[in-house]
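Asks: what follows is a predicted structure for the sequence shown.
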Amino acid sequence: MVESGKLVSISYNGYIDDKLFDTTNEEMAKENNIYNPSMVYGPVVVSVGSKMLVPGLDAALLEMEEGEEKELELQPEQAFGVRDKSKVKIVSMKEFKKHNVQPIKGMPITIDNQVGKVASVNGGRVLVDFNHELAGKVVKYNLKVEKLIEEPEEIIKELIKLYAQKINTDDIAIKLTKKTATITLPESASFLQNLQMIKMAVANEAMARINGMEKVSFVDVFEKKKAKAAKSENNE
């Protein structure tokens, strides 16, 4: 049975009015014209109960087992929230001019760390809706628990995926003892922004999740580049 705080690999398809709006399946995304080339498709790993998912999915996972599938219908309160009129606000055109932005209807905008969308533009006033774009919608999901992530090496690799999707975990070497983990990262990892913060987050979570783990070390490897083979004088 899935437990709160545990890592699980899941796949899902989300529908509104029988129209697919979100999926972990690449082929379905392409077939339904919602494919995003910047997304990594396939089962995703989540920490149950950590608000990585809408409340209804988190709650459903706690009643599921590895390999189980469920069809869910979530009311707005358990999905993306009810629409809140107080989150529709008038913003002065001056605020946009400060940042050299010309607002147009439908434009996504961030103001004071709040993400919204321009609902209308009328003279010197701009109406911005800070509700989630799916607020007030009844959502249906097909949800499957693909795997419970329980082995120490799996936990570490999945944590790295969560915090640094651009690192290929096939290029990571992990050496484990009863109390320690030594993680060797590929050279490409050195180009990641906030790498030290990523390491700290992975280390802290690994020590919290793996029984007896007291120390996590990272090894950065840099190899001497091989000189390109000299061109043959005969251009062979």
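Replies: Received the coordinates, thanks. Computed from a prediction, not measured in an experiment: that's the story for all the values here.

Asks: confirm that residue 45 sits in a helix.
Replies: No: if the criterion is DSSP: H, G, I helix; E, B strand; the rest coil, then residue 45 is strand and not within a helix.

Asks: wait, it sits on residue 8?
Replies: Yes: at 6.9 Å, residue 45 and residue 8 qualify as touching, with contact defined as C-beta atoms under 8 Å. (Glycine included, C-beta is placed from N, CA and C.)

Asks: contacts only, for residue 173.
Replies: For residue 173, the contacting residues are 183-184, taking C-beta atoms under 8 Å, 6 or more residues apart in numbering as the criterion.

Asks: what is it paired to in the beta sheet?
Replies: Beta-bridge pairing of residue 173 under DSSP bridges involves residue 184.

Asks: same check, this time on residue 145
Replies: When bridges are taken as DSSP bridges, the partners of residue 145 come out as residue 10.

Asks: hmm, it is touching residue 10, no?
Replies: Yes: using C-beta under 8 Å, residue 145 makes contact with residue 10 at a distance of 5.8 Å.

Asks: surely residue 54 is in contact with residue 74?
Replies: Yes: in this structure, residue 54 is within contact of residue 74 by C-beta under 8 Å, at 6.8 Å.

Asks: quick check: neighbours shared by those two?
Replies: When contacts are counted by C-beta under 8 Å, 6+ apart, the set common to residue 54 and residue 74 consists of residue 139.

Asks: sorry, back to before: more neighbours, residue 45 and residue 8?
Replies: Neighbours of residue 45 and residue 8, each counted by other C-beta atoms under 10 Å, are more numerous for residue 8; the result is 22 against 19.

Asks: which element is the more buried one on?
Replies: In this structure, residue 8 sits in strand 7-16 according to DSSP states H and E.

Asks: so how far is that strand from its chain's centroid?
Replies: Between the centre of strand 7-16 and the centre of its host chain there is 12 Å, according to C-alpha atoms, centre = their mean, to the nearest Å.

Asks: who touches that strand?
Replies: Residues from elsewhere that reach strand 7-16, judged by C-beta under 8 Å, 6+ apart: 2, 20-25, 28, 42-48, 57, 61, 134, 137-149, 155, 158-159, 209.

Asks: now do 6 Å
Replies: Outside of strand 7-16, the residues within contact range by C-beta atoms under 6 Å, 6 or more residues apart in numbering are 2, 21-24, 43, 45, 47-48, 137, 139-149, 158.

Asks: which ones among those residues lie within helices?
Replies: Among those, the members falling in helices (DSSP state H) are residue 158.

Asks: how about the lowest-mean-pLDDT helix or strand in the chain: buried residues?
Replies: Counting by mean pLDDT, DSSP states H and E, the chain has its least confident helix or strand at helix 93-98, which shows a mean of 88. By neighbour count, and taking 16 or more other C-beta atoms under 10 Å as the criterion, the buried residues in helix 93-98 are 93, 96.

Asks: for stretch 165-178, same thing?
Replies: Applying a neighbour-count criterion of 16+ other C-beta under 10 Å, the buried positions in stretch 165-178 are 167, 169, 172, 174.

Asks: please convert those to CSV, extending it with distance to residue 192 and pLDDT.
Replies: Shown next, in CSV, are the buried residues of stretch 165-178 (distance: C-beta to C-beta, whole Å; pLDDT from 0 to 100):
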residue, distance to residue 192, pLDDT
167, 7, 87
169, 14, 88
172, 13, 93
174, 18, 97
